[in-house]
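*Asks:* coordinates only, no sequence provided:
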């Protein structure tokens, strides 16, 4: 089939993109506000990057939704690679605030009132991203305001996304499938009930070492240990099951083994996504305070106050970061069975 020549501008549809800026203040009879063009382009760039992040997250979800994932195959490499790309894009989103902050509060006031009731809070792509990563509705700050400013089409799109298996749900399933702690080939006398960690040779040893490492002010962590990793975990409302928590902590503890390198990178990259989204919210709060002080947002929110509440509550992978509370000195780690170390080290 003969290749049809491709022209740069047509391929990128630059006619649509470059002419997609229509500042309200430039309309006939109004005095043009110079910085409105910058404001539009920055936010259009944000939405394009959100589209790319959603493209990456959707591809990761489709791989993780497989019945099995071969950790020695390209599957896990692709997942980690695309999630790391997502963190890099999120860093760019944070850096773009530097450009937006070249606009002064008076520059913004030249056109701000013309934007009502439009608001960044109406970014349905960002809400979909949060849902696809794993932020549940009942975990959201300002639930009553969540979709109140959106049209019905966008609300339906967000609600549909909330029904899909999120990344945190898929990660939980992936961790539960990991065989290192449940396989009788590695733990020959393992006949205990699934979540009775006191009877597992590894967890009974690890729990004792961990509790012995706690100082007086940390003794309550011995209760939290059982809640996270044992059958008492159902007392807590969590996204990660006891089995998933055990696998995740095991990966963190023994990440030096070749087979656990990519699994650890996956967990660490999820934490970096949370970190960068937190950075973006923090910079956004400071920018809003600088631009409008204590005034309400153009969409009717409490402005910086709302953003502060969301920043403090919207950490999606916090249960993974909480597992760091249960780490011990690597020099005190329990020795693993030779059959397991051979497996983790690619020795067959």
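*Replies:* Everything's here; your move. Remember, predicted model here, so these are calculated numbers, not experimental data.

*Asks:* switch to C-alpha atoms for all contacts and neighbour counts from now on
*Replies:* Noted.

*Asks:* ok, and residue 282, which helix or strand is that part of?
*Replies:* Following DSSP states H and E, one finds residue 282 within helix 258-292.

*Asks:* name the helices or strands packed onto that helix?
*Replies:* helix 74-100, helix 105-109, helix 242-253, helix 304-313, helix 318-322, helix 338-344 (3 or more CA pairs under 8 Å, 6 or more residues apart in numbering; DSSP states H and E).

*Asks:* okay, angle between it and helix 74-100 too, please.
*Replies:* Between helix 258-292 and helix 74-100, the angle comes out at 20 degrees (axes from the mean of the first three to the mean of the last three CA atoms, to 10 degrees).

*Asks:* next, the angle from helix 258-292 to helix 242-253.
*Replies:* 100 degrees.

*Asks:* could you give the mean pLDDT of helix 258-292?
*Replies:* Across helix 258-292, pLDDT averages out at 91.

*Asks:* pull out the buried positions in it.
*Replies:* Neighbour counts over helix 258-292 (16 or more other CA atoms under 10 Å) mark 259-285, 287-289, 291-292 as buried.

*Asks:* and the helices and strands packed on helix 258-292, which is most packed in?
*Replies:* Comparing these by mean neighbour count (mean count of other CA atoms under 10 Å), helix 242-253 comes out on top with a mean of 21.

*Asks:* what's that one in contact with?
*Replies:* 172-176, 178, 180-181, 195, 227-231, 233, 260, 263-264, 267, 320, 323-324, 326-327, 330, 333 (CA atoms under 8 Å, 6 or more residues apart in numbering).

*Asks:* the same query, at a cut-off of 7 Å, please.
*Replies:* Helix 242-253 is contacted from outside by 172, 175, 176, 178, 228, 229, 230, 233, 260, 263, 264, 323, using CA atoms under 7 Å, 6 or more residues apart in numbering.

*Asks:* what's the offset of the helix holding residue 282 from the middle of its chain?
*Replies:* Distance, stretch centre to chain centre, for helix 258-292: 7 Å (CA atoms, centre = their mean, to the nearest Å).

*Asks:* pLDDT weak spots in this protein?
*Replies:* Scanning the chain for pLDDT under 70 picks out the ranges 71-72, 141-146, 189-195, 232-236, 294-307, 310-311, 346-348.

*Asks:* in it, which residue sits furthest out from the middle?
*Replies:* Ranking residues of the chain by C-alpha distance from their mean position (CA atoms, centre = their mean) puts residue 29 at the top, at 45.4 Å.

*Asks:* returning to what we had before: a markdown table please, covering the helices and strands packed on helix 258-292 and showing distance to residue 139.
*Replies:* Below are the helices and strands packed on helix 258-292 laid out as a markdown table (distance: least, CA to CA, whole Å):
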| stretch | distance to residue 139 |
| --- | --- |
| helix 74-100 | 22 |
| helix 105-109 | 33 |
| helix 242-253 | 20 |
| helix 304-313 | 7 |
| helix 318-322 | 12 |
| helix 338-344 | 37 |
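
*Asks:* of the contacts of helix 242-253, just say which sits nearest to residue 1.
*Replies:* Within the contacts of helix 242-253, the smallest distance to residue 1 is 42.8 Å, found for residue 263 (CA to CA).

*Asks:* for that closest one, which non-adjacent residue is spatially closest?
*Replies:* residue 251 (6.9 Å; CA to CA, 6 or more residues apart in numbering).
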